[in-house]
Every structure is written in structure tokens, then in C-alpha cells.
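1. with the input below, show me the fold.
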Amino acid sequence: MDIAGLFKKHEDEAVFIKTTARPACEGALKVTLNRKANVLYNEGDIEGARRIFVTTGYTDGLTRIGDHYKAQGRLLDALQMYQMAPNPKRITELSVEFALMLKGLLKEEAKDV
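-> Next up is the predicted model:
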């Protein structure tokens, strides 16, 4: 099965493929890359830092990227970062926010009926 091919028709959409396997990046290379990503993050290059943190699987960095996305209102992107981290506490907090938003939408819809 060609997984990448399944998503080819959705190239213009914001989709992601969730995997459970982490890339192989160990030792000194991982430390060097994480330092570089921290510099990028502190300089405001969030996407550059994100790419490196995803590659290395650095949980603290992924959580910080998720926090940044959450502060910007990019909740689905934040959830993705928290899942990759993995950070169950942040996932739970965000799930509660999603539930409250959904509850509010359902109340609004009930008023309109």
C-alpha cells in the first residue's frame, strides 16, 4: 500500500500522517541539532525549530512548539505537537478546550432551532 500516494490528492490541504516510529537520531548529532533548534526557536524561526525537533523527537522542544501554536490559536497544530512529544497532560488540557468549544457550538445551534 502506497501511504504517501493516498495523501497526494490532498497536497494543498493541511494534513499530516501520524506515525509512532521516531527517526533514528542519537548521541552527539541529536544534541547538536537540538541546540541549533533552540537557537532557531529563540530567534523566532519556529518552523525551522519544529522541523529539527520532529526529526530528533525532542519532547521538550515539541511541547514548546505546541505551546506556541496554542497561543496563536492553532489548536490542531498544537495537538499534533503534543501527540508527537508525547505530552499527555497537554493533550488532556487541549481536549477539554475542544470539548468546551464543541459544547458551546451545540448550545448555539440549539438556540437557532
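
2. ok, for the residue positioned nearest the centre of the chain, nearest residue in space, not its chain neighbours?
-> The geometric centre of the chain, computed from its C-alpha atoms, lies nearest to Met81 (Cα atoms, centre = their mean), at 2.2 Å. Leaving aside its sequence neighbours, Met81 sits nearest to Gly66 (Cβ to Cβ, 6 or more residues apart in numbering; 3.3 Å). Every C-beta, even on glycine, is put in place using the N, C-alpha and C of the backbone.

3. give the rounded mean pLDDT of the strand or helix carrying the one you found.
-> Using DSSP states H and E, Gly66 maps to helix 59-71. Mean per-residue pLDDT for helix 59-71: 97.

4. which helices and strands sit right next to that helix?
-> With contacts taken as 3 or more Cβ pairs under 8 Å, 6 or more residues apart in numbering; DSSP states H and E, helix 59-71 sits against helix 27-42, helix 46-56, helix 75-84, helix 88-112.

5. redo the ones you listed as TSV? Include mean pLDDT.
-> Below are the helices and strands packed on helix 59-71 laid out as TSV (pLDDT from 0 to 100):
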stretch	mean pLDDT
helix 27-42	94
helix 46-56	95
helix 75-84	96
helix 88-112	91
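
6. could you dump the ones you listed to JSON lines with distance to Leu62?
-> Shown next, in JSON lines, are these (distance: least, Cβ to Cβ, whole Å):
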{"stretch": "helix 27-42", "distance to Leu62": "10"}
{"stretch": "helix 46-56", "distance to Leu62": "5"}
{"stretch": "helix 75-84", "distance to Leu62": "5"}
{"stretch": "helix 88-112", "distance to Leu62": "10"}
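
7. can you point out the buried residues in the helix holding Gly66?
-> Using 16 or more other Cβ atoms under 10 Å as the test for burial, helix 59-71 gives Gly61, Leu62, Thr63, Arg64, Ile65, Gly66, His68, Tyr69, Lys70.

8. would you confirm that Gln83 contacts Ile91?
-> Yes: at 6.4 Å, Gln83 counts as touching Ile91 under the criterion of Cβ atoms under 8 Å.

9. quick one: pLDDT of Phe7?
-> For Phe7, pLDDT reads 59.
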